[in-house]
Every structure is written in C-alpha cells, then in structure tokens.
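> need the 3D shape of this:
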Amino acid sequence: MSKHYYLLFFLFVLTSTTSFGQNALPELLDERDVLYEKYSFYENQKNSFWGTQSKKDLRKVILILKRIIKKDNEIVLAIKRSGVDERTSIVVESKESNIRVSELEKDLQSALNNAITKQKEVNRLSENYEKVNSQKFQAHTIIAIETLLLIGLGFFAYKKLRG
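Sure, this is the predicted structure:
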C-alpha cells in the first residue's frame with residue numbers, strides 16, 4: 001500500500017509542478033507555512049492523562065510532518081524546474097544570438113566586398129577621368145597653338161599682300 005502511495009504522491013508532485021511552473025513557488029511556500037503552523041499547534045498539544053502528548057496527538061504530528069515533507073518535495077521540484085526553464089531559455093537565447101551574429105558577420109563581409117568592388121571601380125574611373133582630362137588639355141593646347149599659328153600666318157599673309 002505504501003508503495004502505491006509514494007507512486008501516487010510522485011505522480012501528483014510531477015503533474016502539479018509541471019502545471020504551476022515558476023509562479024507556483026510563492027503559493028507552495030505559503031502552503032508550507034500553513035502546514036508548519038498546524039505542526040506547531042499539534043506539537044504543543046498535551047492531551048494525555050499525565051500531561052504529555054497522547055498517541056492521537058503524535059499521529060496528527062506525524063501526519064502533518066508527512067504533508068510538510070511532501071510540500072518540501074514539491075517546492076524542490078518547482079525550483080529545479082524553474083532552473084531548467086531558465087537554463088533552457090538562456091541556451092535558446094545564446095543560440096539565437098550566435099545565429100544573428102553569424103548573419104551579421106555575413107552581411108558585414110558582403111558589405112566589405114561591395115565596398116572593395118566599388119572602390120576599385122572609383123579608382124578605375126578616376127584614372128580614366130585623369131587620362132581624358134590630360135588628353136583634353138593636350139587637344140586644347142594643340143588647338144590654341146594651331147589657332148595662333150593660323151592668326152600669325154594670316155597676319156603674315158596680310159602684310160605680304162599689302163605691302
């Protein structure tokens with residue numbers, strides 16, 4: 001009979017702590033305090049003929065102590081569950097953070113590659129711009145020299161014809 005009692009007790013504790021979670025801890029502690037007050041009351045009872053505890057008083061004390069032990073086990077399980085839940089959430093958050101960090105690292109590497117590609121393009125265009133400006137300056141210089149030569153030739157021809 002006692003084996004069945006412990007099995008039922010274990011199943012009760014297991015199902016009660018899974019439904020309660022971390023918020024049940026204050027409630028469990030309050031229930032334990034009530035049980036302890038009952039224990040203190042029955043512990044001080046002296047109902048025997050000789051002014052000591054009777055057999056009935058001792059049985060009540062033992063029953064209350066069993067309930068206190070049961071409640072303590074529920075409290076321990078609730079604490080363990082809350083610790084497991086916290087560790088699980090920390091592990092999940094850590095994995096999510098690691099995934100996010102790796103995604104950000106990939107994005108950063110992609111951005112760096114794009115920046116390097118764009119910088120190469122800017123350098124190439126800058127070199128082309130300098131070449132074009134140099135060629136443009138050379139072309140303007142040649143045009144200016146040719147214009148001066150034509151004006152000089154025109155002036156020389158004008159002087160020869162006139163004079």
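
> what average pLDDT does the top helix by length along the chain get?
Using DSSP state H to define each element, the chain has its longest helix at helix 55-162. Helix 55-162 shows a mean pLDDT of 88.

> and that helix, how far from the chain's centre?
19 Å (C-alpha atoms, centre = their mean, to the nearest Å).

> check which helices and strands that helix sits against.
Contact partners of helix 55-162 among helices and strands, from 3 or more C-beta pairs under 8 Å, 6 or more residues apart in numbering; DSSP states H and E: helix 2-20, helix 25-43. All C-beta spots, glycine's among them, are computed from the backbone N, C-alpha and C.

> what about Ala78, how many residues nearby?
Other residues within reach of Ala78, judged by other C-beta atoms under 10 Å, total 24.

> was I right about it contacting Pro26?
No: using C-beta atoms under 8 Å, Ala78 is not in contact with Pro26, being 9.9 Å away.

> mind listing what the residue of the chain positioned farthest from its centre touches?
The centre of the chain is farthest from one residue, Gly163, which by C-alpha atoms, centre = their mean lies 98.0 Å away. Listed by C-beta atoms under 8 Å, 6 or more residues apart in numbering, the contact set of Gly163 is empty.

> ok, now how distant is it from Ser126?
55 Å (C-beta to C-beta, to the nearest Å).

> next: Glu74.
Using C-beta to C-beta, Glu74 is found at 76 Å from Ser126.

> which one of the two is surrounded by more residues?
Neighbours were counted for Glu74 and for Ser126 using other C-beta under 10 Å; Glu74 has more, 22 against 10.

> that one and Leu28 touch, don't they?
Yes: if you go by C-beta under 8 Å, Glu74 and Leu28 touch, sitting 5.5 Å apart.

> and Ser110, how many neighbours does it have?
If you count neighbours by other C-beta under 10 Å, Ser110 ends up with 10.

> separation between it and Glu37?
When distance is defined by C-beta to C-beta, Ser110 is 67 Å away from Glu37.

> also Lys46?
Distance of Lys46 to Glu37, given as C-beta to C-beta: 18 Å.

> could you do Gln119 as well?
From Gln119 to Glu37 the distance is 78 Å (C-beta to C-beta).

> same check on Val132?
Noted for Val132: a distance of 96 Å to Glu37, by C-beta to C-beta.
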